[in-house]
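*Asks:* Could you work out the structure for the sequence below:
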Amino acid sequence: MAETMEKQNTASRVIAFSGPKEGVGKTSIALNLALAWASHQKRNVLIVPLDPLCRQEHAALLGVNPPSLSEIVQLMGRESVGAVGALLRGKIPISQWGVGVLPLSKKRQDVSKMSPELILPILSRLNQSFDIFIDVDSYFPMQIFAFDISDLVFWVTNSNVNSLNASAATFREINELHFPMNRFEPVVNLYDMPGAVEPKEVEKFFTQLGRQPLAFMPWEDAMPGCANRNKLLITEQPNTQWVHVLRVLLGRLTELKPSEKQWVSNVSSQEFAHGSDMLWRQLEKTGPAAPEKRESGTYQSNALRVDVPPFWEELKMSVHRNVVAALETERVKISDDVAVNAETRKKVDLIINGLLQKETSNPLTREQRVKFINELLDEILGLGPLEELMRDPAVTEIMVNSADRVFIERAGKLTLTKYRFRSDDQIMQVIKRIVAPLGRRIDESVPLVDARLKDGSRVNAIIPPLAISGPTLTIRRFSAKPFTDTELIRKGSISQTAVDFLKACVKLRKAVIISGGTGTGKTTFLNMLSSYISEEERIVTVEDTAELRLQQDHWVRLESRPPNIEGKGEVSIRDLVKNCLRMRPDRIVVGEVRGSEALDMLQAMNTGHEGSLATIHANTPRDALTRLEAMCLMAGADLPIWALREMITSAVHLIVQLTRFSDGTRKITAITEITGREETQIQTHDLFKYKQTGVDESGKVIGEFNATGDPPKFFNDFQANGMNVPIDMFWTEEQKKQRAGR
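*Replies:* Take a look at the predicted model:
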């Protein structure tokens, strides 16, 4: 979750004190430094202990009785938290040293009611009057919340092996979460205790983590006595060595330049509230190198973007060049293997993060850093701004008309997104990244290309001089899991009766042509029909671009090949159809019939390859037959029209017509039987029809599926082959009522 508050232009500081575990002395350092800082700056300091155990030790040491954040929220109401800060300025008791306390809660059960969205408005207002010191234990969600809003983090640790190892583990995690490491200052407390690791070894240890210890603070004999009497060392023994070393921290605070506060945290309410008794689950859900979840439409060109600093694109291009150089040096390869790519993404993430750690002229907040790294990862390893759309399973088509106009189809509706490419050159880079692994090329000599992505999505790209408006990219996406008949029935695309009939026809080895316009779902429906083919049959599929996803094991896929740059090497669909006849197929499935291969397919259906399936572009079953005739004539065979139509009537049994309606839904609008030929005309008969009856208030199409009353001519074949297909599935409602009345 991201909780965002209005930006504040203020010189106030927010400082966090944390460590690898409890008992390292961070609370003592926070309290003593707060007194020193209030005296040095002549400005009140407010300590905010994020302590889910509600121990109230800060209030006891300062001798004050403050309200808690949870009490304030309960008193004022959750809706009024934005105004709470102004009301609190005179209500928080301040000790004689200019330091106050605002604990998270005084009751443990109230901690679960607190969340970043309640705390951030209060702190953002209070920060106008106070410097805020946040004391947070090693409850990781609360740590992350504190780190998100802090200008500086004093990481307090002891110099024993357990504390140092725990520090290393946490530093690795915060580095993976893309925090700038220069925000963290290690402070080694009680470094001279018996059995402690030598300071030189501690320095070497933190150097490996990318930091150097800011200070080594010694043990003082006066410490236990002060703690037992609820006293602070800086007020009781100001001349001790420990207090003298504290001045190093004071100096670091003095030189700190506070950043402009955005008051943003990516910690969710649930993670924050239960941080004391559960691990932070965000890492389990996304993994350290996983992409940040962004809302659709947030990727904009630099000229339009208001969500990033003005130097964003310039910094991205600079880091991009350095990353490419690092990849070449480290010989990092991009593979088709998902696991290898995930590992590559993690490596590149670390490279980018390391480069950003060295960037001092253009600092980024952690949220900006995450956004920056994910955008750059998408550019280097993926499809740039399209990667977020590719991760959305609801997006069925992506259409890049120009650099600043990216459309998508979702639920059958076209929508203009706010996603943008930086320039036409970036679109060209994405297109080349798609086609290069397939051995294709695209340039002025070959300005258009059909290809497919690793997930099976179909890609068409066309560039200038053919595309006058600039490079144009269209990506047709398919469901990762093919739709089943149950899902199509639930979506209202077909009735259960029609499904039962088609299932029986496929098992009876009847040849079916699926007809429909562009985007009506022909390939999806063909996938569903093919699932009824027996596992014992050998299936050969022939396609221009491999899109079909059959579930059977005995399946051979053939894909056509375009000519190379010299115009040679083309393998057409017709060549593949001819070849597959020599492969002993039981079923031939042609992804889309669009040319002279139609004649070869009909010949195959008439010579022992019954039950074949294919799709064709047409708006009605009659149009499908006309197109089929025209494509057969394209083969150049000198056949009389009556002979051609005789071949069609013998080979094709059914035409299933699909239509996309105004509300974006796709439905089967007709199942038509080819009944024979009368003189020169092919005779057809509709077995099932969909009739639209209206449109509801939301624009959704209303209609119903009905049988037409007559069974197919081959109805007796079902019984002859031992298939129980009831004849009443073909009756109209009136016929059923008449039969019931008898």
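*Asks:* Grab the longest strand from this structure for me.
*Replies:* The residue-count maximum for a strand in the chain (DSSP state E) belongs to strand 681-695.
*Asks:* for stretch 560-578, what is the average pLDDT?
*Replies:* Average pLDDT, stretch 560-578: 80.
*Asks:* From the contact counts, what lies against the longest strand of the chain?
*Replies:* Judged by 3 or more C-beta pairs under 8 Å, 6 or more residues apart in numbering; DSSP states H and E, strand 681-695 is in contact with helix 496-507, helix 621-633, helix 641-651, strand 666-678, strand 701-707. C-beta here means a position set from N, CA and C on the backbone, and glycine is covered the same way.
*Asks:* Partner strands of the shortest one and their direction?
*Replies:* Right, strand 701-707. strand 681-695 (antiparallel) (DSSP bridges).
*Asks:* What are the contacting residues of the strand it pairs with?
*Replies:* Strand 681-695 is contacted by residues 495, 497-498, 501, 621-622, 625, 645, 648-649, 655, 659, 661-663, 667-677, 701-708, 710-712, 730 when judged by C-beta atoms under 8 Å, 6 or more residues apart in numbering.
*Asks:* Drop anything exposed from these.
*Replies:* 495, 497-498, 501, 621, 625, 645, 648-649, 655, 659, 661, 667-675, 701, 703, 705-708, 710-712, 730 (16 or more other C-beta atoms under 10 Å).
*Asks:* show me the contacts for G664.
*Replies:* Residues in contact with G664, defined by C-beta under 8 Å, 6+ apart, are 411-413.
*Asks:* likewise T474?
*Replies:* Taking C-beta under 8 Å, 6+ apart, we find T474 in contact with 397-400, 459-461.
*Asks:* For I727, the count of nearby residues, please.
*Replies:* 10 (other C-beta atoms under 10 Å).
*Asks:* what's the closest non-adjacent residue to it?
*Replies:* Closest residue to I727 apart from its sequence neighbours, by C-beta to C-beta, 6 or more residues apart in numbering: P711 at 5.6 Å.
*Asks:* and the one you found, what is it in contact with?
*Replies:* Taking C-beta under 8 Å, 6+ apart, we find P711 in contact with 687, 727, 730.
*Asks:* Could I get the contacting residues of the last one?
*Replies:* Listed by C-beta under 8 Å, 6+ apart, the contact partners of F730 are 687, 707-712, 715.
*Asks:* Let's have the residues you listed in CSV, adding pLDDT and distance to I134.
*Replies:* Listed next are the contacts of F730 as CSV, based on pLDDT from 0 to 100; distance: C-beta to C-beta, whole Å:
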residue, pLDDT, distance to I134
L687, 94, 73
A707, 92, 71
T708, 91, 74
G709, 89, 77
D710, 89, 79
P711, 91, 78
P712, 93, 76
F715, 92, 79
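*Asks:* thinking again about what came up before, could you dump the helices and strands packed on strand 681-695 into TSV and include distance to V73?
*Replies:* Converted to TSV, these look like this (distance: least, C-beta to C-beta, whole Å):
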stretch	distance to V73
helix 496-507	54
helix 621-633	67
helix 641-651	75
strand 666-678	50
strand 701-707	49
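*Asks:* Quick one: closest of those to L356.
*Replies:* Closest approach to L356 among the helices and strands packed on strand 681-695 is made by strand 666-678 (46.3 Å; C-beta to C-beta).
*Asks:* Direction included, what does that closest one pair up with?
*Replies:* strand 654-660 (antiparallel), strand 681-695 (antiparallel).
*Asks:* burial of the residue nearest to K510 when sequence neighbours are not counted, as a residue count?
*Replies:* Of all residues not flanking K510 in the chain, H653 sits nearest, at 4.1 Å (C-beta to C-beta, 6+ apart). By other C-beta under 10 Å, the residues close to H653 number 22.
*Asks:* pretty sure H653 contacts E673?
*Replies:* Yes: assessed by C-beta atoms under 8 Å, H653 is found in contact with E673 at 6.8 Å.
*Asks:* can you tell which of the helices and strands packed on strand 681-695 is closest to L364?
*Replies:* Nearest to L364, of these and by C-beta to C-beta, is strand 666-678 at 45.0 Å.
*Asks:* these two touch, right, I427 and D404?
*Replies:* No: under the criterion of C-beta under 8 Å, I427 makes no contact with D404, lying 10.6 Å away.
*Asks:* The two - which one has more neighbours?
*Replies:* The neighbour comparison of I427 against D404 (other C-beta under 10 Å) goes to I427, with 24 against 17.
*Asks:* can you list the residues that contact the helix or strand hosting the more buried one?
*Replies:* Following DSSP states H and E, one finds I427 within helix 424-435. When contacts are defined by C-beta under 8 Å, 6+ apart, helix 424-435 is touched by residues 379, 383-384, 386, 400, 402-403, 421, 441-442, 449, 451, 453, 459, 461, 463, 470-471, 473.
*Asks:* residues touching M605, list them.
*Replies:* Going by C-beta under 8 Å, 6+ apart, M605 touches 511, 588, 612, 650-652.
*Asks:* What number of residues are in the vicinity of K510?
*Replies:* The burial count for K510: 20, using other C-beta under 10 Å.
*Asks:* Actually, E387.
*Replies:* Counted with other C-beta under 10 Å, E387 comes out at 19.
*Asks:* after the helix or strand harbouring it comes which helix or strand?
*Replies:* Using DSSP H and E, E387 sits in helix 386-390. Using DSSP H and E, the helix or strand that follows helix 386-390 towards the C-terminus is strand 395-402.
*Asks:* Just the buried positions in the next helix or strand after that following strand, please.
*Replies:* Where DSSP H and E defines the elements, the next helix or strand beyond strand 395-402 is strand 405-410. By neighbour count with 16+ other C-beta under 10 Å, strand 405-410 contains the buried residues 405-406, 408-410.
*Asks:* among the strands paired with strand 666-678, which is the most enclosed?
*Replies:* The highest average neighbour count among the strands paired with strand 666-678, using mean count of other C-beta atoms under 10 Å, belongs to strand 654-660 at a mean of 22.
*Asks:* so it versus helix 621-633, what angle?
*Replies:* Between strand 654-660 and helix 621-633, the angle comes out at 110 degrees (axes from the mean of the first three to the mean of the last three C-alpha atoms, to 10 degrees).
*Asks:* Quick one, grab the pLDDT at the residue nearest to V153 when sequence neighbours are not counted.
*Replies:* Distances taken as C-beta to C-beta, 6+ apart place A16 nearest to V153, at 4.4 Å, with adjacent residues excluded. At A16, the model reports a pLDDT of 96.
*Asks:* any idea which helix or strand carries A16?
*Replies:* Element membership of A16 [criterion: DSSP H and E] is strand 14-18.
*Asks:* what does that strand contact?
*Replies:* Under the criterion C-beta under 8 Å, 6+ apart, residues 26-27, 29-30, 123, 127, 131-138, 143, 146-147, 149-156, 253, 258, 261 lie in contact with strand 14-18.
*Asks:* at 6 Å what do you get?
*Replies:* Under the criterion C-beta atoms under 6 Å, 6 or more residues apart in numbering, residues 26, 30, 132-136, 143, 146, 149-154 lie in contact with strand 14-18.
*Asks:* Many thanks, we can stop here.
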